[in-house]
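Undergrad: Have a look; sequence and predicted model below, questions after that.
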Amino acid sequence: MVLLAAGQAKRFGGGKLMAEFHGRPLWERAAETAEAIDFSERVVVIGPDSTIESRLGWMRVENQFAEQGMGTSIAAGVRALTNCDRVIIMLADMPLVSRTHLDRLIAAQGVAFTRYPDGSAGCPAIFPRSVFPLLETLNGDRGARSLGLGDAELIAPPHERQLADVDEACDLQRLRSAD
């Protein structure tokens, strides 16, 4: 499991992942979902100025190149893995992704991305070890979709709301008021 938490949160005004959501920092909601599954390794990728603290069962990996984009964080997280056959990549600013959705990804054979309502592919996503060398080459804002993994399965979450992504303060406010 690799949880990406190295973004700069410029649109949010900074400090997004430490903002409170259901009584805890936003990033911890995604971490808790991952903890419900028995992953052999859990890595949280943070930026150089991150205030994210250690969490039991997680290895913190600092991405010195985080400002260059998500691709560098994916590469740093995958490089840190030592003993797993597959990896799920999740975003720390998506607090509503369910264990059920992660279980559906785990049940997939090969590469699987989350299918968004517009038909596009995104995170969370799962990759077999055979794809790790490709993931380790990512840089800039290129995510795993840019690798052209044409045989990837697209899996919709049980509820579209699980795809809620916090980019701006109003996104977090909308999530809080929807409860």
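TA: Yes, it's here.
Undergrad: Stretch 36-48 spans what distance, first to last residue?
TA: Stretch 36-48 has an end-to-end distance of 28 Å (criterion: Cα to Cα, to the nearest Å).
Undergrad: what mean pLDDT does that stretch have?
TA: Average pLDDT, stretch 36-48: 95.
Undergrad: buried ones in it?
TA: By neighbour count on 16 or more other Cβ atoms under 10 Å, the buried set for stretch 36-48 is 39, 41-47. Glycine gets a C-beta too; all of them are placed from N, C-alpha and C.
Undergrad: which residue of the chain sits farthest from its center?
TA: Taking Cα atoms, centre = their mean, the residue of the chain most remote from its mean C-alpha position is residue 177, at 23.6 Å.
Undergrad: same for the longest strand seen in the chain, what does it pack against?
TA: Taking DSSP state E as the criterion, the chain has its longest strand at strand 121-128. Packing contacts for strand 121-128, counted by 3 or more Cβ pairs under 8 Å, 6 or more residues apart in numbering; DSSP states H and E, involve strand 86-91, helix 99-107, strand 112-115.
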